[in-house]
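**Student:** Sequence and predicted structure below; questions after.
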Amino acid sequence: MIGFITITYEISIMLLSEKYVYSMCRGLLMSLISLKIFQKENISNSFIFHHFLLEISSIKMYNTCIGVMNMVKSMTGYGTETFHLDGTTITVEIKTVNSRYLDFIPKVPRLLQEVELEIKKRIQSYFQRGRIEVYVSMTGEALSHKKIRVDWDLMDQYVEHLQEVKDRYQLSEDIPLSVIASEEALFTVHEEDESPESLHALLFTSIDNVCEAVIRNRKSEGENLIHDIMQRIRTIHETLTMIEGRQEIIAKHYRERIRERIEGHMEHNLEIDQTRIIQEVAILAERGDIQEELTRLFSHLEYFERVTGHTTPIGRKLDFITQEMHREVNTIGSKSVDTEISEAIVAMKSDIEKIKEQVQNIE
């Protein structure tokens, strides 16, 4: 049936817009679900729809359909812009990487330090999380003027002492000017910066433009991240369904272990301790029951999918859900006595670790 819908999608996409095709396919799929054509235990309608989209669509189409193209953003991004003012070239560069909080790292010329607070406010209006490095560089001389400053007090002392030397040793020659000019302590070069209002306005406009470019870059990276993550979520879901289907095999195995323990108990004891037998049965049954963990894991997967549709930053929430998923998988692994399930647990752990690594970079 999925194949039929896929053909419908591929034919229709050539004639209609992606958005319209999405609506049509979703309507068809929901109708089939209502007719119980897709009747699988513990698989929600939402999950079936995501499975369908991942099978037939591109990354862009998938993200458009589930509505996360403008929501999930990576914390990795880059943008730059250059503008000119009165012979001076100003370059604005913003680089962002992942961080638990919003860290603003400015590197601006001394001339622009007075507007650093305003730059920070603009950065905070665009980003919620990440290490945001803002570089502003200036080349050219038009906005600065160099002046020489003379330390006249030191100069007077210097000349006075030179005159005393001349008088004491009865020197006839005049003190050459080069002797005074060679003393660096007497002269300093000072730059007087001019920071016109027009520079501030152009700078703020450029920062806005670069921030928007960085956000576009972060969204593009976020699309790739969420597509890969959802494919792994689907794989985990399928694995859990397989494990759930093996519950009867596991239960049979535990019944055999209980019978073996009872028989061993009877061989070494003439009198059967009924209380002891009941305790052994209860302990083994408790150790082997993973239904509760499976139920919670299915719930975590569905919640993970719902969170990806939130409009607010979701990185920390996804990280928390991933930790809970990892804990449940570990519990199932510790209870498993089935080789096939043990192998599946290893594969799920690998996928969850990769998901955890990727959500670290989601805003």
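**Tutor:** Structure received.
**Student:** Would you tell me what the next helix or strand after the host helix or strand of residue 305 is?
**Tutor:** Element membership for residue 305 (DSSP states H and E) is helix 291-307. Going down the chain from helix 291-307, the next helix or strand is helix 315-335, by DSSP H and E.
**Student:** between the host helix or strand of residue 227 and helix 315-335, how big is the angle?
**Tutor:** Taking DSSP H and E as the definition, one finds residue 227 inside helix 197-245. Orientation check (axes from the mean of the first three to the mean of the last three CA atoms, to 10 degrees): helix 197-245 against helix 315-335 gives 20 degrees.
**Student:** Kindly provide the distance from residue 201 to residue 90.
**Tutor:** From residue 201 across to residue 90, the span is 12 Å (CB to CB, to the nearest Å). To be clear about C-beta, it is placed using only N, CA and C from the backbone, and glycine gets the same treatment.
**Student:** Please export the C-alpha coordinates of stretch 157-169 as CSV.
**Tutor:** C-alpha atoms of stretch 157-169 as CSV (Å, rounded to 0.1, in the frame of the first residue of the first chain):
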residue,chain,number,x,y,z
GLN,A,157,64.7,68.4,32.1
TYR,A,158,66.5,66.8,29.3
VAL,A,159,67.7,70.1,27.7
GLU,A,160,68.6,71.5,31.1
HIS,A,161,70.8,68.6,32.0
LEU,A,162,72.4,68.7,28.6
GLN,A,163,73.2,72.4,29.1
GLU,A,164,74.7,71.6,32.5
VAL,A,165,77.0,69.0,30.9
LYS,A,166,78.1,71.5,28.3
ASP,A,167,78.9,74.2,31.0
ARG,A,168,80.6,71.7,33.3
TYR,A,169,83.0,70.4,30.7
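**Student:** now it: mean pLDDT?
**Tutor:** On average, the pLDDT along stretch 157-169 is 81.
**Student:** got the buried residues for it?
**Tutor:** Under the neighbour-count criterion of 16 or more other CB atoms under 10 Å, stretch 157-169 has residue 158 buried.
**Student:** Buried residues of the helix holding residue 305, list them for me.
**Tutor:** The neighbour-count check on helix 291-307 (16+ other CB under 10 Å) flags 293-294, 297-298, 300-302, 304-305 as buried.
**Student:** Could you single out the nearest of the residues you listed to residue 132?
**Tutor:** residue 304 (27.2 Å; CB to CB).
**Student:** Return the residues in contact with that closest one.
**Tutor:** Residues in contact with residue 304 (CB atoms under 8 Å, 6 or more residues apart in numbering) are 233, 318, 321-322, 325.
**Student:** 6 Å - rerun?
**Tutor:** Residue 304 makes contact with residue 321, according to CB atoms under 6 Å, 6 or more residues apart in numbering.
**Student:** so where's the stretch 201-350 of the chain shaky on pLDDT?
**Tutor:** Filtered on pLDDT under 70, the stretch 201-350 of the chain yields the residue ranges 251, 254-255, 258, 261-262, 265-288.
**Student:** mind checking how far the nearest residue to residue 74 once chain neighbours are set aside is from residue 309?
**Tutor:** Closest residue to residue 74 apart from its sequence neighbours, by CB to CB, 6 or more residues apart in numbering: residue 221 at 3.6 Å. To residue 309, residue 221 is 18 Å away according to CB to CB.
**Student:** Show me which of these two is the more surrounded one.
**Tutor:** Using other CB atoms under 10 Å, the more surrounded residue of residue 221 and residue 309 is residue 221, with 18 against 13.
**Student:** roughly how far apart are that one and residue 340?
**Tutor:** Distance of residue 221 to residue 340, computed by CB to CB: 37 Å.
**Student:** likewise residue 111?
**Tutor:** Separation of residue 111 from residue 340 (CB to CB): 68 Å.
**Student:** Which of those two has more residues huddled nearby?
**Tutor:** Neighbour totals were compared for residue 111 and residue 340, and residue 111 leads with 18 against 12 (other CB under 10 Å).
**Student:** gap between that one and residue 88?
**Tutor:** Relative to residue 88, and taking CB to CB, residue 111 is found at 10 Å.
**Student:** And residue 264, by the same measure?
**Tutor:** Going from residue 264 to residue 88 by CB to CB gives 90 Å.
**Student:** More neighbours: which of these two?
**Tutor:** Ranked by neighbour count (other CB under 10 Å), residue 264 and residue 88 place residue 88 first, with 16 against 10.
**Student:** who does that one bridge with?
**Tutor:** residue 85 (DSSP bridges).
**Student:** Cool, thanks, talk later.
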